[in-house]
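**Student:** Predicted model follows, preceded by the sequence.
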Amino acid sequence: MMIVNLIGISLIGLIIWWFWIKKAPSLKTSSNRIEVVVDNGVYTPSRIEVKLGQPVTLVFLRKDPSPCAEKVIFEKLGLSLDLPVNKTAELTIKADEAGDYVFNCQMKMYLGNLIVTI
């Protein structure tokens, strides 16, 4: 019985770490075109760092056919984009303020960050 409890607690800890604590490394780039692959529940890269005032075009390639992956939403920027399966869709963004702009699917299961720095 004690082993089952320890396994359960370990799994809970792993889930908390995976979804809320773990941070993916940021893709820092001076490029104005970045491909983002949408597959297996993640955006790759999921953290993108750009300079303030630099327009960036995110080229989304959706490989996951699930309905959750059919749209990407940048709520703080008031932008969204439909993502067709196995095709690219482009969204050009120029943030007016430095900050962290979360992007996600409509169910908020896919999560990413566009980090705009000075």
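**Tutor:** Alright, I've got the coordinates. Numbers count the residues shown, from 1 in each chain.
**Student:** Determine the next helix or strand in the C-terminal direction from the helix or strand bottoming out on mean pLDDT in the chain.
**Tutor:** One helix or strand of the chain scores below all others by mean pLDDT, DSSP states H and E: strand 27-28, with a mean of 56. Using DSSP states H and E, the helix or strand that follows strand 27-28 in sequence is strand 33-39.
**Student:** how far does that next one sit from the chain's center?
**Tutor:** 9 Å (CA atoms, centre = their mean, to the nearest Å).
**Student:** got the buried residues for the helix or strand just after that strand?
**Tutor:** Using DSSP H and E, the helix or strand that follows strand 33-39 in sequence is strand 42-44. By 16 or more other CB atoms under 10 Å, the buried positions in strand 42-44 come out as residue 43. Yep, even glycine has a C-beta here, placed from its N, CA and C like the rest.
**Student:** likewise stretch 40-53?
**Tutor:** Within stretch 40-53, the residues that qualify as buried are 43, 45, 46, 47, 48, 49, 50, counting by 16+ other CB under 10 Å.
**Student:** Identify those among the residues you listed that sit within strands.
**Tutor:** Using DSSP state E, 43, 47, 48, 49, 50 are the members of the buried residues of stretch 40-53 that sit in strands.
**Student:** Same list, those, but as a markdown table with distance to residue 33 and pLDDT please.
**Tutor:** Converted to a markdown table, those look like this (distance: CB to CB, whole Å; pLDDT from 0 to 100):
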| residue | distance to residue 33 | pLDDT |
| --- | --- | --- |
| 43 | 16 | 93 |
| 47 | 17 | 92 |
| 48 | 11 | 92 |
| 49 | 15 | 90 |
| 50 | 11 | 90 |
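**Student:** quick one: secondary structure of residue 8?
**Tutor:** Assigned with DSSP: H, G, I helix; E, B strand; the rest coil, residue 8 falls in the helix class.
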